[in-house]
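> Return a 3D structure for these sequence lines:
(one chain, ligands or ions: 1)
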Amino acid sequence: MEIIICKTKEEASRKAADLVTALVKSNPKAVLGLATGSTPVEMYKCLIADNKAKKVSFKGVRSWNLDEYWGLPPTHDQSYRYFMDENLFDSIDIVKKNTHVLNGLAKDWKKEVASYEAAIKKAGGIDLQVLGIGSDGHIAFNEPGSSLASRTRIVSLTPQTIKDNARFFKKAADVPRQALSMGVGSIMEAKRIVLLAFGANKADAVKGMVEGGVSQFCTASALQMHQDAWVFCDAAAASKLKLKKYYAWRGDEALKAELAD
Ligand code: PGA
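You can find the predicted model right below:
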């Protein structure tokens, strides 16, 4: 795991976007795994800027998102399909039919998740997966207690996640209690992982992910077992890491080398 520690989330987002842009330039048909939430918004702004500046084109890219609230239609302003259109897809040259988000209104969720996983497999798997991290250490909606081998399925949100996400809804009671989510095992199959974490309220989760034991109690800790995981933090999110100076130095060197290739 390489950890890039920047002063601000803007700086960290720019560096993470550099990895994504470099991948799509070298493989214009790349398969991206995308995330929602407040965390990746700044990185998506950087990708939009790169696309507008003609540094990169997303015309050949296919994407699959991590999760979707169960019961929300794609037209709901808090659905993750709506979020992706608003924050990325409508502002870049990606072909909309090549973007995939789980259907929160599927009649049969088992069929929905099976065909979602099959489609990713048919596309050759995810080349680069973007992730945020929940304050309880979750990735996608893999809450504490999710098997580290879990696959895409229906999940129940913890009271903490409902509380965290209530800021996007009128009231906490409006936050859906369930979601369809890629599993930890599904996420781990991505060839490269780019996880973003910003703010002091993520410091415990980042500490657990990087320096805690591998445990289903902090599902992000599974990334310790991934061969190509990159974590981009601001100073506040990295503040509880014991070896943060070492990680920062090593991470900067690794990123420089990666982008020079
Ligand atoms: P946030 O959520 O980006 O809105 O903080 C992150 C997550 O729950 O994965």
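
> pretty sure Val41 contacts Met84?
No: judged on Cβ atoms under 8 Å, Val41 makes no contact with Met84 at a distance of 11.0 Å. C-beta: built from backbone N, CA, C; applies to glycine.

> the more surrounded of those two?
Met84 (25 against 17; other Cβ atoms under 10 Å).

> What helix or strand is that one located in?
Element membership for Met84 (DSSP states H and E) is helix 80-87.

> Could you give the separation of that helix from the chain centroid?
14 Å (Cα atoms, centre = their mean, to the nearest Å).

> Show me what from this protein comes close to the ligand.
Counting by Cβ under 6 Å from any ligand atom, the chain comes close to the ligand at 37-39, 132-134.

> now this structure, which segments are flagged as low pLDDT?
Within the chain, no stretch has pLDDT under 70.

> Tell me the spacing between the residue in it that the ligand sits nearest to and Asn65.
When distances are taken as Cβ to the nearest ligand atom, the chain reaches nearest to the ligand at Gly37, 2.7 Å away. Using Cβ to Cβ, to the nearest Å, we find Gly37 at a distance of 11 Å from Asn65.

> out of the two, which sits in the more crowded spot?
Set Gly37 next to Asn65 and count neighbours by other Cβ under 10 Å: Asn65 wins out with 22 against 18.

> Going along the chain, name the helices of the protein.
Along the chain, counting by DSSP state H, helices occupy 9-26, 41-52, 80-87, 109-122, 159-165, 184-188, 203-211, 235-238, 244-260.

> Among those helices, which comes closest to Ile139?
helix 184-188 (6.1 Å; Cβ to Cβ).

> Mind listing residues that contact the closest one?
33, 66, 117, 120, 129, 131, 139-140, 142, 146-152, 193, 216, 219, 222-223, 225-226 (Cβ atoms under 8 Å, 6 or more residues apart in numbering).

> which residues touch the helix holding Met84?
So helix 80-87 is contacted by 34, 36, 40-41, 44, 65, 67-69, 74-76, 96, 99, 101-102, 104 (Cβ under 8 Å, 6+ apart).

> Same question for it: list its buried residues.
80-85, 87 (16 or more other Cβ atoms under 10 Å).

> Quickly check those residues for the two that are furthest apart.
Spatially, the most separated pair among the buried residues of helix 80-87 is Arg81 and Asn87, at 11.3 Å (Cβ to Cβ).

> Looking at the contacts of helix 80-87, which are in strands?
Among these, the members found in strands (DSSP state E) are 34, 65, 67-69, 99.

> which of the buried residues of helix 80-87 lies closest to Lys7?
Of all the buried residues of helix 80-87, the one with the least separation from Lys7 (Cβ to Cβ) is Asn87, at 23.7 Å.

> quick revisit: among the ones in strands among the contacts of helix 80-87, which ones are buried?
34, 65, 67-69, 99.

> what's the most distant pair in the residues you listed?
Greatest spatial distance among these (Cβ to Cβ): Tyr69 and Thr99, at 17.3 Å.

> middle-most residue in the protein, spatially?
Centroid-nearest residue in the chain: Leu131, 1.9 Å away (criterion: Cα atoms, centre = their mean).

> so what's the closest residue to that residue other than its chain neighbours bridging to?
Sequence neighbours aside, Leu195 is the residue nearest to Leu131 in space, at 4.2 Å (criterion: Cβ to Cβ, 6 or more residues apart in numbering). With DSSP bridges as the criterion, Leu195 is bridged to Leu131, Val231.
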